[in-house]
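**Q** after the sequence you'll find the predicted model.
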Amino acid sequence: MPATPYALSVRDVHKAYRSRRVLRGVSLHLEPGTLAGVVGENGSGKSTLLRVLCGQIAADAGEVKRRGSLGYCPQEAVLNDALTVDQHLRWFRTAYRLDGTGRAEELLEELHFAEYRHTRVEELSGGTRQKLNLTLALLHDPHVLLLDEPYQGFDWETYLRFWEVAARLRDRGRCVLVVSHMAWDADRLDVLHRLRDGVATPWNAEGQPVDAPRGAVR
Amino acid sequence: MSRAWEAFRTGAGFALLEHARNRLALVLVVAYIPVWLTLEHWFVTPAPARFLLRADGQTVTVNGNHLTMVSGAVNTVTLIVGFMMFMTTFKALAFDRRLALAGYPRSCLLLSKVIAMTVASALIAAYATVVVCWYWDPVRPALLALGLFTAAVSYGGIGILLGAFLRNELAGLFVIIMASLLDTMLQNPMSNTGGDKQGLQLLPGYGPTQVAVAGGFTSSVTPYGHLLLGPAWFLAMWLFGAAAFVARTRSHLPATNDPLPTESAA
């Protein structure tokens, strides 16, 4: 049987911090062109899962396979207060080995913060810091995008714009995985998993478990 | 221009810019060094003091006020550079990890910080030497500046190590302040009559102090071996700090990932 094409394939991932078992066999299978979500209560292991998926920490057991480049947006804005928005973009363009400006100009316009490009991060509001945080993850137009509560601090308009950007990425064949502690946005997602007791279970848009085979496939 | 050079140039430029925008460090450099040295100039007795210049194997008798100013200059530059590097390393841990995750070469990241620290140390040592020269004429001011520079880099290394391991700003600052104060106080015969005892050679400021005193008071002694002690301290501390960074991050340089079959996603 031919394997389903995947952008991100996670199989039976375990992770413990000393005796505390955070992930107890998480499995996901996400195709290219998927807008997926993982919800879970505070402390359910969502951020740990994302850190395993992006390779920041190693899983104790299991397998993570990814096709294509990766973008990762951490929950807390990880920026350098002494540098301006433009300087961040330049540094990450170098990191991603981009010849041109990448998607920088487009994202500055889409997220409406081009006017702050010469402002130091220490002078930015929480929402604008978060926009830059997100932009750095999207700059190289990654094939797989992992977003950890990416809209914290966004006003309503920016929140809606974020979902427009995410939907456009999905439509262009990108795989976007959004992690959140609330399932508000379930109807915007193609696939929803709930992380509970260290295991990810497919849920439907109504917030109910789906009686489906393991791993949600769009 | 190669990718590696571009990455290094970008990193070193921003690391330097970060130091230049560290307002507290700038205030300390501009105000603390002259204030500290001026107070020592005013209040410390010029009575002769005997200092064991191990580089020459002899004890030299020098102006106590001038000797204390050399010791004070070592103290100020070590405090400032140690503090700068501690704060930079401490605050940038998550950002550096993110850059590494984005594919920025970790070697460039580590090296660019060393270059920025070296430039900052050289400027601060030169400035402290100018302040000393304002009050008296060291015999060889260039060697005095070199001694201060090696003192600065040794504590820069200590700052990097503390920044990599401590999780509390106050703890890091306290360790740097106490280490620097003890280091200079124990070696200065004006504050410690046993300043010629064995064992003081193990202090990070020992080599730099020997060089700085040789530069301030002698015309012929050039302690080449002692010149290397400060950089050796830096290297040892930096290697531990760099090892921690490498252990906590993974290389994310472009891998041979399969290209994503975006065509099939339609």
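**A** Ah, there it is. Residues are numbered from 1 along each chain as shown, chains lettered A, B, ... in the order given.
**Q** spit out the contact partners of the residue sitting nearest the centre point of chain A.
**A** Closest to where the C-alpha atoms of chain A average out (C-alpha atoms, centre = their mean) is residue A:147, at 1.8 Å. By C-beta atoms under 8 Å, 6 or more residues apart in numbering or on different chains, the contact set of residue A:147 is A:73, A:134, A:137, A:166, A:176, A:177, A:178, A:179. C-beta here means a position set from N, CA and C on the backbone, and glycine is covered the same way.
**Q** helix/strand/coil for it?
**A** strand (DSSP: H, G, I helix; E, B strand; the rest coil).
**Q** quick one on the thing from earlier: which of the contacts of residue A:147 fall in strands?
**A** Counting by DSSP state E, the contacts of residue A:147 place A:73, A:176, A:177, A:178, A:179 in strands.
**Q** so the second one touches residue A:163, yeah?
**A** No - with contact defined as C-beta atoms under 8 Å, residue A:176 does not reach residue A:163; the gap is 10.3 Å.
**Q** neighbour count for those two, which is higher?
**A** residue A:176 (27 against 15; other C-beta atoms under 10 Å in any protein chain shown).
**Q** before we move on, back to that, Throw the contacts of residue A:147 into JSON lines and include distance to chain B and pLDDT, thanks.
**A** Formatted as JSON lines, these follow (distance: C-beta to the nearest C-beta, whole Å; pLDDT from 0 to 100):
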{"residue": "A:73", "distance to chain B": "10", "pLDDT": "94"}
{"residue": "A:134", "distance to chain B": "13", "pLDDT": "95"}
{"residue": "A:137", "distance to chain B": "9", "pLDDT": "94"}
{"residue": "A:166", "distance to chain B": "15", "pLDDT": "93"}
{"residue": "A:176", "distance to chain B": "12", "pLDDT": "95"}
{"residue": "A:177", "distance to chain B": "14", "pLDDT": "95"}
{"residue": "A:178", "distance to chain B": "18", "pLDDT": "93"}
{"residue": "A:179", "distance to chain B": "16", "pLDDT": "91"}
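**Q** possible to save those as CSV with distance to residue B:147?
**A** Conversion of the contacts of residue A:147 to CSV gives the following (distance: C-beta to C-beta, whole Å):
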residue, distance to residue B:147
A:73, 48
A:134, 49
A:137, 47
A:166, 58
A:176, 57
A:177, 56
A:178, 56
A:179, 54
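**Q** buried subset of those?
**A** Neighbour counting by 16 or more other C-beta atoms under 10 Å in any protein chain shown classes A:73, A:134, A:137, A:166, A:176, A:177, A:178, A:179 among the contacts of residue A:147 as buried.
**Q** residue contacts, the first one?
**A** Just to be clear, that refers to residue A:73. A:133, A:134, A:136, A:137, A:138, A:145, A:146, A:147, A:148, A:150.
**Q** I'd like the ones in strands among the contacts of residue A:147 laid out as a markdown table, including distance to residue B:149.
**A** Output for those, formatted as a markdown table (distance: C-beta to C-beta, whole Å):
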| residue | distance to residue B:149 |
| --- | --- |
| A:73 | 41 |
| A:176 | 51 |
| A:177 | 50 |
| A:178 | 51 |
| A:179 | 48 |
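**Q** since we're on residue B:134, how many residues are nearby?
**A** For residue B:134, using other C-beta under 10 Å, the count is 11.
**Q** that one in helix, strand or coil?
**A** Of the three states, residue B:134 takes helix under three-state DSSP.
**Q** now do it against chain A, distance only.
**A** 31 Å (C-beta to the nearest C-beta, to the nearest Å).
**Q** and which of the ones in strands among the contacts of residue A:147 is nearest to residue B:58?
**A** Set against residue B:58, the nearest of those by C-beta to C-beta is residue A:73 (63.5 Å).
**Q** show me what that closest one is bridged to.
**A** Here residue A:73 shows beta-bridge partners residue A:147, assigned using DSSP bridges.
**Q** which stretches of the chain have low pLDDT?
**A** The chain I'm using is chain A. Applying pLDDT under 70 to chain A flags the ranges A:1-4, A:102, A:183, A:205-207, A:211-218.
**Q** let's do chain B instead
**A** B:1, B:251-266.
**Q** looking at it, which helix is longest?
**A** Longest helix in chain B, counting residues (DSSP state H): helix B:64-101.
**Q** give the buried residues for that helix.
**A** Buried residues in helix B:64-101, counted by 16+ other C-beta under 10 Å: B:64-93, B:95-101.
**Q** and the nearest residue to residue A:61 once chain neighbours are set aside, what does it touch?
**A** Using C-beta to C-beta, 6 or more residues apart in numbering or on different chains and skipping the chain neighbours, the partner closest in space to residue A:61 is residue A:14 (4.3 Å). Neighbouring residues of residue A:14 by C-beta under 8 Å, 6+ apart: A:21, A:23, A:24, A:25, A:59, A:60, A:61, A:62, A:198.
**Q** show me where the stretch 151-266 of chain B has its helices.
**A** B:169-187, B:206-217, B:224-227, B:229-248 (DSSP state H, counting those that start in this stretch).
**Q** the helices in chain A, which residues?
**A** A:46-54, A:85-96, A:104-110, A:126-138, A:156-171.
**Q** packing partners of the shortest one?
**A** Packing partners of helix A:104-110 (3 or more C-beta pairs under 8 Å, 6 or more residues apart in numbering or on different chains; DSSP states H and E): helix A:85-96, helix A:126-138, helix A:156-171.
**Q** quick check: residues of chain A near chain B?
**A** Counting by C-beta under 8 Å from any C-beta of the partner chain, chain A comes close to chain B at A:5, A:7, A:31-33, A:54-56, A:66-69, A:72, A:74, A:76, A:78-83, A:87, A:90-92, A:94-97, A:120, A:136, A:140, A:143-144, A:172-174.
**Q** can you select the buried ones from the residues you listed in ChimeraX?
**A** Command for ChimeraX that selects the buried part of the residues of chain A next to chain B, burial taken from 16+ other C-beta under 10 Å:
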select /A:7,31,32,33,54,55,56,66,67,68,69,72,74,78,79,80,82,83,87,90,91,92,94,95,96,136,140,143,144,173,174
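**Q** can you pull the residues of the stretch 1-150 of chain B lying near chain A?
**A** When proximity is defined by C-beta under 8 Å from any C-beta, the stretch 1-150 of chain B lies next to chain A at B:3, B:6-7, B:10-11, B:14, B:17-18, B:21-22, B:91-92, B:94-95, B:97-99, B:101-104.
**Q** could you redo the last one with a cut-off of 6 Å?
**A** Residues of the stretch 1-150 of chain B lying close to chain A (C-beta under 6 Å from any C-beta of the partner chain) are B:7, B:10, B:14, B:18, B:21, B:94, B:95, B:98, B:99, B:102, B:103, B:104.
**Q** quick one, what contacts the third one?
**A** With contacts defined as C-beta atoms under 6 Å, 6 or more residues apart in numbering or on different chains, the neighbours of residue B:14 are residue A:91.
**Q** one more time with 10 Å, if that's ok
**A** Residue B:14 sits next to A:80, A:82, A:83, A:87, A:88, A:90, A:91, A:94, B:112, B:116 when contact means C-beta atoms under 10 Å, 6 or more residues apart in numbering or on different chains.
**Q** ok, of the residues you listed, which one's closest to residue B:29?
**A** Distance to residue B:29, by C-beta to C-beta, is smallest for residue B:116 among the contacts of residue B:14, at 14.7 Å.
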